[in-house]
Each structure stands twice: as structure tokens, then as C-alpha cells.
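> Give me a 3D structure for the following:
(2 chains)
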Amino acid sequence: MQLLLIHSDFIEFEAKRPTKLAEEVEDSAKKGRLDEALCAFIAVEKFDEDDTDAVIAEGAKQVADVANQVKANRIMIYPYAHLSSSLSTPATAVKILKGMADVLSENYEVMRAPFGWYKAFTISCKGHPLSELSRSIRLGEGEVVSEALKSEAKAVSYWRVLDLDGNLVDADQFNFEGHTNLQKFANYEISKARAVDKVPPHVELMRRLELVDYEPGSDSGNMRYYPKGRLVKSLLENLVLEKAADMGAMEVETPIMYDMEHPTLKKYLDRFPARQYQIDSDKRKLFLRFAACFGQFLMGHDMSISYKSLPLKMIEMTRYSFRREQRGELVGIRRLRAFTMPDMHTMTRDMYSAIEEFRKQYLASIDVLREAGLEVEDYEVAIRFTQDFYKENQEFIAGLVDIIKKPVLIEMWDERFFYFVLKFEFNFVDTMDKASALSTVQIDVENADRYDINYIDESGARRRPILLHCSPSGAIERVMYAILEKAARLSLQGKLPMLETWLSPTQVRIIPVAERHQERALALAGILGFRTDIDDRDETVGKKIRDAGREWVPYVAVIGDEELQSGQLAVTIRSESTPKSPAKKSMTVDELKERLTGETKGKPWRRLPLAMRLSERPRFI
RNA sequence: GCCUCGGUAGCUCAGCUGGUCCAGAGCGAUUGACUUGUAAUCAAUAGGUCGCGUGUUCGAAUCACGCUCGGGGCUCCA
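Now for the predicted structure:
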């Protein structure tokens, strides 16, 4: 709604001729005059149609606010289409205009000019600073509050802890001794109680290491990645994609935006408690995907699938998925509005097979996180299901607990609120006792129907598959967050923080003592391979060593006259050092190479993301 | 959406009971000297309408109000 508000000495109108859209009015209403009145010229717009009651309330409030400011007791409601290029239907406009007049007439003397007539009018504007104002009202722009979001509050959860003996204990009865992180996680989930007043450590690290940074030019929660950050992220993405390929998943790519009015998608939006980014494109309303479900399910709908292809897996590394999280939820890279999520979907022939896949993907998720540097003790497990599902699959659930050999948090629902009957998540609990979900798998019993996805069984009959959603690692940014937080925790414990060698932007740094050693340094870098760089800046050795330490470089090799003589390298090994005493070792190039090969074997690889000579590198921060 | 803190040089910040120590420091950048042996070599140079606007005042980075952007918290969290 567009409002133009004019404080007038008087406003006078006369309806001359009806247009096609004209509302029917008595002759007495065709003329009118108000003295000392606030005149509200109003254009009702397309998106006001979504919630007319709210628009009436807000519109009336805005007008009343201004009326109070200028101390006007009379209000003229005057339809004025020319304030907007995106008008509502006439019926809606009349409804809203009448509604506003009704509301305002409780406290003011209100007159309304008829809608849809050619009118002559005379207005005398007072000309003081507040006498001409305009307002735009756009209720809930960019926000569709889904039914799921609304109903979520109503879902009744029972919180339990499932221990290693298969006992399901009330969460508040459980003895958390020896399971402090699980307790923190449970508190976080159940009571939602937490008091934190510090910036989480990864925020400083992500910037200082020149990995990731805020981008003020975008929306909050949309980050920029510097070369080192892009490298780390890319390596993690590839790790997950490789793992998915090992599981037999086919990589696909799907659009990042979809039509809001698409019937299937519309229904799905209502089942997913997330806020969307909306885009107005010409006549269409589009939303940015918050996962890859749509693309893959729409693809699945069009596919011809034989039972022979099942279980059938597709994965997309969604760069990006978008969720318009509330402003205050965003912290560093823990929670973002644009994030990279590996999203894999599996079609299985029946629940039996779905459960089997669930278990495999549970194991695969543990593997992926371990390879990324997060062990089972670094996260807590939550398993959520409906009562019915648990009754039928009690032993299966207990088996999941056996695999990780520690108690897990259980959330149980009387009835199914969402599209899934069973899900697990791995939650990282950080030094500030905040929990965030990493890997997750869900068994979906709804969307095969919704998207009309079928496979043909042995007898030639069309059957509905059971679907699984899986993010083997969770959002890649969040894995980076967890890795950095874990490093920060180590450094609190007096250890030297570092990224694993395969993830380190610089794997080996060669420090020539004087200019005459640079040639050898260059030759060595060539022989070594890996991500080896050379600190050829005009600085002292001490300074270069310090800088390499600040960058968390795993191997630092100093080259001087001695090394030229002996052919050995003086290598400082970060993983074996402590803040007080660096672990220095003399080794040959081959020995170093062997070490690196061992530490990076089977892991994704990318070349150095920056110039090999440090003297040629720009600074990003 | 609410609460709270903040915006001064590329970065981190000091100054903020209003007035030639107010426009500063360290880091970084540039230039020069040094050719260096394991956590900061020395010196010089360049860089800022102190977030924007309005007001108070003889005078505003400093006080007031409004706006804006950002951090954190709450709410929220698949």
C-alpha cells in the first residue's frame, strides 16, 4: 500500500463520472468536503491481497499516527491509483479502503471518496514540515510463514536419553556424569537456556587466517571467501562429494530458484519450517531454495526408474542453499543465510530397505566427519522419531547407539508433524555450549506422494519409493566452523591449533635465510610438490617463523648455508610442537615428502591458492 | 522483531567530563639501509570530510536527537 498524506486547510471533491471499476454509491456520497483534515491518498497494491486484515490494521495505524502528529481530527480517505504501478484488484482495494475508514472512524471524523470514479478535487495544503508525508506499507515482505513454522510450536516432544543398554530414560532423570557435552546439548535443545556474552572464537580465526569474512555489501549471513577459505571449503566439498560417489550417488545440479505458485512446491513450502528469500521477477514470485529437495524430486518425478536401480541416490553440493534466518541468529559461519549444503536423496523400495540405507548413511556420516577432522567425541547424537516408529523398530534404534558407544538424546513425538518418521543429527557443541547440527539423515514418507515419484517393481506395477534425505556432513561452512572451534578449544588447552595437513592452505613453507638461498628454495619447492610456498620477503628469519606460526603452517623448513652443505632440511613440525617448544627435526626432502604423502593420502587435493612467493601476495584484511 | 554494544588511516584500536598535545598509536603498505639461523631489524614516507544528517554552542570526533550499517544477546534454530 502506498500512502500520500497531506495535512490540509480543506479538501473537497466531486465524483464526476464512473469508470468501469466504479463502486456504487448514493448520490450524497458523490460530493464531500472536510476542513482542517488529514487527507490520505491511498493506492492498494498487489501484495496487500495476501492479508487484507493486517493491511487494514497497519494502514489505519500509520494514518492515525500522522493524524496525531499534526493534531488533525478529520481524515479523508481518498483512493489514488497513480501512486503505484502494481495495483490490487478493485474488490480488494474497496474492501481495504472501507476497512480503514471503519477502523479510523472510531476515533476520527472520517469521509471516504468513492472508488473508481473520475473525481474533481481541490486541496489546500498547509505547507508546514509535516504537512506532506508518504508511507509505504509492505507487510511481511519476503516472508512467508509456513504452516510448519506455525505448527511447530504446537508439536509436543518427549525428551529421553537412550543409553548403551537400550534403556530409554527421561532426560531430566538421566545421570549425565561423564557426558557433559551431551548434557549441554540436551539443555540446549530442551530448556533452550544459555547465557553467552562472548564472540565465538571461530569468528576471529576465520578472519585472521584470511579464510572467510563478512560482506557488508550483501545481506547478513552472506559471506565472502578469500583464496585460502575458498580452498579449504572446496577441499571439504570434494571430500563429501567423493564419499557420496563411493556410496553410489550421482551428482546433479538443479536451479537455485523456483516458482512460488508451483502447486507441488507450494505444498512443500508449507511443510518446511524455514523462511525464504523471495524474488519478484516480472510477474512471477520466486523463492530461493533452502535445500536441493525440490530440484531432485522434480527430476525424480520425470524419471523412469526400475526396481533394479534402487536404492537410487542423487547428490548436489548446493552452492547455495538459502534460509532467511532471523538477523540475531546469525553468528560468524555457524549459521548463515546462504550456505553450501551437500544434499543427497535416496529412493528405496520400501521401509525395510529405507532403514537399511539409514544405517549405512549413519555410518558414512561418521566417516565423513572423521575424515574432516571431527571425531565421535567431538559431537553429540540426537535421534528423533514418532512413537509408532519406535515401537516397531526399537532394536534398530538401539543398534545406532551401539555404533557410537555413547548415550544419545532422543526426541519422540506422539504423532508425525513433519514429513519424516525418523531422523538423526550429529551436533557439535562448542566452547560456549552452543549446539549446531552437522550430519543428518531423515526417512521421508510424504514427498514421494507429493511429487508423484514412482518406480516399477518386478511385476511391472508402479510403486511409491520411500525417500531418504541425507547431508553427510551438514553445511560445509558449519564444518569449517566446527573445525575452527575445535582448534580454538585445543589452543585453550595449551596446544598449538592447526588444520589437518590435507586442509592446510600452505602445507610446507620454505624460509630462505638470505637472498642467496632463494634459488635453492625455489628448486626445493619444485621437487617437493604439495602446497609449498616460499617466504622470500625482506624480513628476518624470526619474523618469518612467527608469521608461519600465525598461519598454522604444518611444516616450516629453513634453508641456509648449513642446509646447502648437508642437503638436509631443518623442519619445524607444528603437530609435534607446543607453544613453548618447537619440534625441530633435520630431514631429507624425501623424508618430508613421504610424511606429507602419508598425511594427505586419499584426501582431495588442490594446488596452492596464492602466489608461491610471499613477496607477491596481496593482503586481504 | 526486541535488547545491547559499536562505526576514528587498509587492519586493531586510543582520544570522547567540548577549545594548538584533537586528528593519534601499533600493525600493514611503500621506499631505503641491513643479507639476516628459528615467535616482531632499523629508519623514512604516504593514508582519514572521526558512519550520515540535524541541532545545542563563539567553538563538536567529543553533547542531544534522528537515520544508517555492523557485532553480540534474546526470540528462533532441520
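
> Check which helix or strand A:Phe174 maps to.
Per DSSP states H and E, A:Phe174 falls between elements, in no helix or strand.

> What's opposite the closest residue to it other than its chain neighbours in the beta bridge?
Using C-beta to C-beta, 6 or more residues apart in numbering and skipping residues adjacent in sequence, the residue nearest A:Phe174 is A:Val161, 4.2 Å away. All C-beta spots, glycine's among them, are computed from the backbone N, C-alpha and C. Going by DSSP bridges, A:Val161 is paired in beta bridges with A:Val169, A:Leu409.

> A:Val161 contacts A:Lys406, doesn't it?
No - at 10.4 Å, A:Val161 does not count as touching A:Lys406 under the criterion of C-beta atoms under 8 Å.

> So which of the two has more stuff around it?
Between A:Val161 and A:Lys406, A:Val161 has the larger neighbour count (other C-beta atoms under 10 Å), namely 23 against 16.

> For that one, give its distance to A:Met412.
From A:Val161 over to A:Met412 the distance is 12 Å, taken as C-beta to C-beta, to the nearest Å.

> okay, now A:Thr19: neighbour count?
Other residues lying near A:Thr19 total 11 when counted by other C-beta under 10 Å.

> Isn't it up against A:Lys119?
No - when contacts are counted by C-beta under 8 Å, A:Thr19 is not listed as touching A:Lys119 (10.3 Å).

> Could you list the domains of chain A?
Following the assignment in automatic domain parsing, chain A carries domains at A:2-136, A:156-197+A:235-255+A:304-478, A:501-616.

> Output the lowest mean pLDDT helix or strand found in chain A.
helix A:147-152 (a mean of 48; mean pLDDT, DSSP states H and E).

> what sits against the residue in the stretch 501-621 of chain A positioned nearest to RNA strand B?
As assessed by C-beta to the nearest atom of the strand, RNA strand B sits closest to A:Gly560 within the stretch 501-621 of chain A, at 2.1 Å. A:Gly560 makes contact with A:Pro512, A:Val513, A:Ala514, A:His517 under the criterion C-beta atoms under 8 Å, 6 or more residues apart in numbering.

> one step back: where do the contact lists of A:Val161 and A:Lys406 overlap?
Here A:Val161 and A:Lys406 have A:Leu182 as joint contacts, going by C-beta under 8 Å, 6+ apart.

> Where do the strands of the stretch 1-150 of chain A begin and end?
Shown for the stretch 1-150 of chain A, the strands assigned by DSSP state E, counting those that start in this stretch span residues A:2-18, A:31-43, A:74-79, A:109-112, A:117-125, A:132-136.

> what does the stretch 201-350 of chain A give?
Ranges of strands within the stretch 201-350 of chain A are A:212-214, A:223-225, A:250-251, A:257-259, A:278-281, A:284-288, A:312-322, A:338-348, based on DSSP E, counting those that start in this stretch.

> Could you export the ones you listed as TSV, including distance to A:Arg33 and mean pLDDT?
As requested, those are exported to TSV (distance: least, C-beta to C-beta, whole Å; pLDDT from 0 to 100):
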stretch	distance to A:Arg33	mean pLDDT
strand A:212-214	56	86
strand A:223-225	58	88
strand A:250-251	71	96
strand A:257-259	49	86
strand A:278-281	40	75
strand A:284-288	42	82
strand A:312-322	52	93
strand A:338-348	55	95
